[in-house]
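In: can't give you the sequence, but here's the structure:
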């Protein structure tokens, strides 16, 4: 059993799910503040098609360390880091210039769809007990500024960091 630090009460076994949901609600609250400010300008979200693709797609996640290591060693996950790096670069450029590029956004969404089906087929063959999961994403214009992130950066004496996080993801189990 895990204990809460503040008042020494036992936490339910699924406290991590509650904590995850609470943190995502905090991110959503930070986004809503930004959304209210940017809505009159007609600019808020980026990569709407990609975000929709993430949400409507099932991801097979490894349940054991062996499955996770094997999927990395056998190249099943090789496509995702390059795609995420390109998404990250696009968001940084778009956030700096302030102008979305619909062609780039469409191309990234189509690339995800192609890569995802191949990677998930490979995962299914290599993992013994995969868990079906869903990923919810947020790609707001200007990124996400959150007090918890800023606090961690200050505590770690970070000298080089972004003023805001360009994207956020919530990974949840599909039941």
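Out: Nice, thanks for sending it over. Owing to the predicted nature of the structure, the values given are computational and were not obtained by experimental measurement.

In: who are the contact partners of the residue nearest to residue 113 when sequence neighbours are not counted?
Out: Distances taken as Cβ to Cβ, 6 or more residues apart in numbering put residue 53 closest to residue 113, at 5.9 Å, once the chain neighbours are dropped. The way it works is simple: take the backbone N, C-alpha and C, and place the C-beta from them, glycine included. By Cβ atoms under 8 Å, 6 or more residues apart in numbering, the contact set of residue 53 is 109, 112-113, 116.

In: buried subset of those?
Out: 109, 112, 116 (16 or more other Cβ atoms under 10 Å).

In: partners of the lengthiest strand in the chain in the sheet?
Out: What stands out as the longest strand in the chain, according to DSSP state E, is strand 131-138. Applying DSSP bridges, strand 131-138 is found paired with strand 59-61 (antiparallel), strand 168-173 (antiparallel).

In: and the ones you listed, which is most packed in?
Out: Most buried of these by mean neighbour count (mean count of other Cβ atoms under 10 Å) is strand 59-61; its value is a mean of 19.

In: mind checking how far it is from the chain centre?
Out: Chain-centre distance of strand 59-61: 14 Å, with Cα atoms, centre = their mean, to the nearest Å.
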